[in-house]
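Engineer: give me a 3D structure for the following:
(2 chains)
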There are 2 protein chains.
Amino acid sequence: MKSMENFFNPHSVAIFASMKEGKTGYEIVKNMVEGGFKGKIYPVSQSDGQIFGVSINKDFKNLEIDLAIIAVPGQFIPSLLEDLGSRGVRSAVIISAGFSEVGNFTEEKDIKKIAEKHRMRIIGPNCAGIMNTGCNLFASIEVRALSGETAFITQSGALGGAVLMMAEELGFGFSKFVSYGNRCDVDEVDLIKYLEDDPRTKVIALYIEGLEEGRRFLTQAKKTVLKKPTVVIKAGKSKAGMRATSSHTGSLAGEDKIYDAAFRQAGILRVEGVEEMFDLCRGLIYYPKIKGNKIGVVTNSGGPAVLATDKLEELGLMVSEPSENLKNELKKILPPHVSLGNPFDLLAYSGAENFAQVSKIISSEYDAIIAIFVPTASMDSTEIATALGKIKEEIKIPIFANFMAGRLVKEAIRELEKYGIPNYETGERCARVIQKIASYTLKN
Amino acid sequence: MKSMENFFNPHSVAIFASMKEGKTGYEIVKNMVEGGFKGKIYPVSQSDGQIFGVSINKDFKNLEIDLAIIAVPGQFIPSLLEDLGSRGVRSAVIISAGFSEVGNFTEEKDIKKIAEKHRMRIIGPNCAGIMNTGCNLFASIEVRALSGETAFITQSGALGGAVLMMAEELGFGFSKFVSYGNRCDVDEVDLIKYLEDDPRTKVIALYIEGLEEGRRFLTQAKKTVLKKPTVVIKAGKSKAGMRATSSHTGSLAGEDKIYDAAFRQAGILRVEGVEEMFDLCRGLIYYPKIKGNKIGVVTNSGGPAVLATDKLEELGLMVSEPSENLKNELKKILPPHVSLGNPFDLLAYSGAENFAQVSKIISSEYDAIIAIFVPTASMDSTEIATALGKIKEEIKIPIFANFMAGRLVKEAIRELEKYGIPNYETGERCARVIQKIASYTLKN
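Structural biologist: The predicted model follows:
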């Protein structure tokens, strides 16, 4: 795995590309320098001078290179790889396009042959690069990832770029980011195998359009999910979607039903798209397990709680009534008008104390809790967040939040996050996350 | 309809409530004054002095009142209503709670009787008030609505509050907002009947938990949808959700399947929750009709386009291939490497000019277009937004956008909105909107 380690924790990175302003090489060096990469950065190009304070090298004879990032035109790549290989470079990311994705299969095979000859590992070609926030490695032209505990690997570079932009907006961070493009060598299987033992990764997320070696992937995935929850977006479900994937990545498209069954069997969590992926990963980071299907809904707000309840039950979870014992316990602390059913609607009587106490009391009978809160003039949302955060330590089941909405709950949501309580924009999205995690717990 | 008109376009509004800081009356006067209400504001309370620059009135003998907003404790309401009625006040919003929602059915019937006697119309009790952005009427303690073209009426006040907070965050505006609570008099039927002829309302959206007079509602809705698209969130689908609605609003819960069939038959667009409601209303405001199911996807980005295509086809729309004629036309303007299938993936060649030209050319064969764009170093997203906006005037079919994501497209999204092109965070959400509008067009 030495070469895989070189991809993610290199001591030195050489970038082979044009260093002219706005060009790929320029953008990568910019990201590497501004991102604060902890190792050496070697721009290699015919240009003279410096770039972002780093000297440009005309050749690489005297450089010791752990990782090569290549964005030169395709025709120069074979000889460059030969050169790198014979000098002992074992890891290269090829960003350059123009290979199997536009029908140039022979060119891609040639690259692979050279790499094999030199026992070199390749990510790409036709990819958007890689990132490891653990050592500030941003070998990519994309928006730099924030630090986090989800590793994201993607077959589509453009989708990868969009995910990074969305994540930045959400404040969602990544441990690793890998755009692996045409995967002439390193593929999903190698990557999830590496990531399952990566101590900085808690959740693995993938975007794939097609698998070339389905059986090999599933064999590996079955092992990986036992160590880390694995989330997948599989695009190309529909006939028109399949047509589009085969045209743009050169991968074989398979029947979606087969993929779906295989993911299910392997214990992989399939999501519809990037929004659901973010939602689910944000839940899994804090709560890898939900051990049953009884969900308690605690709220100050009827309507939103009903919508969440509807969705929970639609997804096969149970918003079941509390036992008589539990009702009696609740009676002791709640005013007489409050209904003791589930959802537990605390109405206007619900101060921070009540929210926390009710959550604690019901935790003995439920497998997870959603706290749904809508600000009112008399209730401080941040106080409620703090109270829930503090009670979280005392109770054994996951608490999710749906504080609605906008500027009035911004501070409260930050407070919730501080305590590791994920907040969702709607209770329905929260319900979807709970259902997926519960199904994963059951399976693995 | 005089009294309905008094609710929304009163010349004078009297607020009956405690004017102490933080209390309901105080918050309403604050909203009315800060919101810039164009008529007279009369706070009525036992306190002395002024509030937000308006004198507090100890009684209302000499006041001419078009609309009374009432938030005094329940036991004072009957005599207050008698008084108001005998002085010719014809419209009152009762915010005070403590009626049928907590089992006090007799008290609610009494109110209704008094109102009938004086031919007075009542909104509420147990509601969160009303707004009309057209005359800056914010007779509510909730976040003031921005101005817009959607009227939102809601049975749950808390849900209404959450929707206003979410809307503020989204920059989404309303023509009217009505929280109608226990609807002892004015109900959904009266409201949609009024709104179907309101010149400032283009789309009507409702949140309901149960209908007391289903047949009357559907008879009216069938007429309303012919004038304006009508969107509904119907909560209380599940057994547990139903239990919760009947406990907190006192309305009879019905079988969800019956509601679903009835909405469908009436041509009402049912959505899952508030997020989908916003998405759909944002589409309907610009595009009340989509006349078929052939959708063209124009993009610079494979992955996101595949996800959108999958969702479109899953929902029964067709991302069909262009005719040979159309392909020939496209060939004339596009570089040789670009695939001529749908999705039309323009790759890195896609400048603003290409995006607009391709959209124009394909508009002859498709019923709507989604333009999916992910920023790259070489492409200016705002230029692309402008080009699409300009071409919008020339083509006859709706264009939707999915510019991804975050800060890199903020300006472009504002530019799109300027031209009336709604942008969605994901192509999948955009697909759901298109499907709903197309189904509505077919039906009505």
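
Engineer: what parts of the stretch 251-400 of chain A come near chain B?
Structural biologist: The interface of the stretch 251-400 of chain A toward chain B, taken as CB under 8 Å from any CB of the partner chain, is made up of A:272-275, A:300-307, A:309-314, A:318-320, A:337, A:339, A:341-343, A:345, A:374-378. In this view, the C-beta of every residue, glycine as well, is placed from N, C-alpha and C.

Engineer: report the buried members of the residues you listed.
Structural biologist: Those of those that meet the buried threshold are A:272-275, A:300-307, A:309-314, A:318-320, A:339, A:341-343, A:345, A:374-376, by 16 or more other CB atoms under 10 Å in any protein chain shown.

Engineer: so which of the residues you listed sit within helices?
Structural biologist: A:274-275, A:302-307, A:309-314 (DSSP state H).

Engineer: need the residues you listed in TSV with pLDDT, can you?
Structural biologist: Converted to TSV, these look like this (pLDDT from 0 to 100):
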residue	pLDDT
A:274	97
A:275	97
A:302	88
A:303	93
A:304	95
A:305	96
A:306	95
A:307	96
A:309	97
A:310	96
A:311	97
A:312	97
A:313	96
A:314	96
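
Engineer: list the contacts for the closest residue to residue A:238 other than its chain neighbours?
Structural biologist: The shortest distance from residue A:238 to any non-neighbouring residue, by CB to CB, 6 or more residues apart in numbering or on different chains, is to residue B:313 (3.4 Å). By CB atoms under 8 Å, 6 or more residues apart in numbering or on different chains, residue B:313 lies in contact with A:237, A:238, A:239, A:240, A:241, B:319.

Engineer: now do residue A:150
Structural biologist: A:172, A:173, A:174, A:175, A:201, A:202, A:203, A:204, A:205, A:281, A:285.

Engineer: one more: residue A:66?
Structural biologist: Contact partners of residue A:66, counting by CB under 8 Å, 6+ apart, are A:6, A:10, A:11, A:12, A:13, A:39, A:89, A:90, A:91.

Engineer: pull the most distant pair out of the residues you listed.
Structural biologist: Across those, no pair lies farther apart than A:39 and A:90, at 15.4 Å, counting by CB to CB.

Engineer: who has more neighbours, those two?
Structural biologist: Using other CB atoms under 10 Å in any protein chain shown as the criterion, residue A:39 and residue A:90 rank with residue A:90 on top: 21 against 16.

Engineer: hang on, isn't that one packed against residue A:119?
Structural biologist: Yes. Between residue A:90 and residue A:119 there is a contact under CB atoms under 8 Å: 6.8 Å.

Engineer: what is in contact with these two at once?
Structural biologist: Taking CB under 8 Å, 6+ apart as the contact rule, residue A:90 and residue A:119 both touch residue A:3.

Engineer: what does the stretch 101-250 of chain A put close to chain B?
Structural biologist: Near chain B, when you scan the stretch 101-250 of chain A using CB under 8 Å from any CB, you find A:102, A:141, A:143, A:154-162, A:165-166, A:168-169, A:207, A:209, A:233, A:235-241, A:243-245, A:247-249.

Engineer: if we go to 7 Å?
Structural biologist: For the stretch 101-250 of chain A, the residues in contact with chain B (CB under 7 Å from any CB of the partner chain) are A:102, A:141, A:156, A:158-159, A:161-162, A:165-166, A:168-169, A:207, A:209, A:235-241, A:243-245, A:247-248.

Engineer: wait, isn't residue A:170 in contact with residue A:279?
Structural biologist: No. Using CB atoms under 7 Å, residue A:170 makes no contact with residue A:279, being 9.9 Å away.

Engineer: of these two, who's got more company?
Structural biologist: residue A:279 (20 against 15).

Engineer: show me what contacts that one?
Structural biologist: Contact analysis of residue A:279 by CB atoms under 7 Å, 6 or more residues apart in numbering or on different chains lists A:424, A:429, A:432, A:433.

Engineer: and the second one, how many neighbours?
Structural biologist: The number of residues packed around residue A:429, counting by other CB under 10 Å, is 22.

Engineer: and it, how far is that from chain B?
Structural biologist: To chain B, residue A:429 is 8 Å away according to CB to the nearest CB, to the nearest Å.

Engineer: please name the nearest non-neighbouring residue to that residue.
Structural biologist: In space, residue A:429 is closest to residue A:279, 5.3 Å off (CB to CB, 6+ apart).

Engineer: circling back to that earlier point, now, which of the residues of the stretch 101-250 of chain A next to chain B lie within helices?
Structural biologist: A:158-159, A:161-162, A:165-166, A:168-169, A:239-241, A:243-245, A:247-248.

Engineer: farthest pair in these?
Structural biologist: A:168 and A:239 (34.1 Å).

Engineer: who's in contact with the residue in the stretch 301-444 of chain A that chain B sits nearest to?
Structural biologist: When distances are taken as CB to the nearest CB, the stretch 301-444 of chain A reaches nearest to chain B at residue A:303, 2.8 Å away. Residue A:303 makes contacts with B:156, B:158, B:159, B:207, B:235, as judged by CB under 7 Å, 6+ apart.

Engineer: how about a cut-off of 6 Å?
Structural biologist: Contact analysis of residue A:303 by CB atoms under 6 Å, 6 or more residues apart in numbering or on different chains lists B:156, B:158, B:159.

Engineer: for stretch A:428-444, which outside residues touch it?
Structural biologist: Applying CB under 6 Å, 6+ apart, the set of residues contacting stretch A:428-444 from outside is A:225, A:229, A:267, A:269, A:279-280, A:283, A:289-291, A:293, A:307-308, A:311-312, A:315, A:317, A:368, A:370, A:400, A:402, A:424, B:273.

Engineer: ok, residue A:49 to residue A:61 distance?
Structural biologist: 19 Å (CB to CB, to the nearest Å).

Engineer: residue A:189: helix or strand, and which one exactly?
Structural biologist: Here residue A:189, judged by DSSP states H and E, is contained in helix A:188-195.

Engineer: residues of that helix that come out buried?
Structural biologist: Using 16+ other CB under 10 Å as the test for burial, helix A:188-195 gives A:188, A:189, A:190, A:191, A:192, A:194, A:195.

Engineer: redo those as JSON lines? Include pLDDT.
Structural biologist: Formatted as JSON lines, these follow (pLDDT from 0 to 100):
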{"residue": "A:188", "pLDDT": "96"}
{"residue": "A:189", "pLDDT": "97"}
{"residue": "A:190", "pLDDT": "97"}
{"residue": "A:191", "pLDDT": "98"}
{"residue": "A:192", "pLDDT": "98"}
{"residue": "A:194", "pLDDT": "98"}
{"residue": "A:195", "pLDDT": "98"}
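
Engineer: can you lay out the residues you listed as CSV showing distance to residue B:149?
Structural biologist: Shown next, in CSV, are the buried residues of helix A:188-195 (distance: CB to CB, whole Å):
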residue, distance to residue B:149
A:188, 47
A:189, 52
A:190, 53
A:191, 48
A:192, 48
A:194, 52
A:195, 48
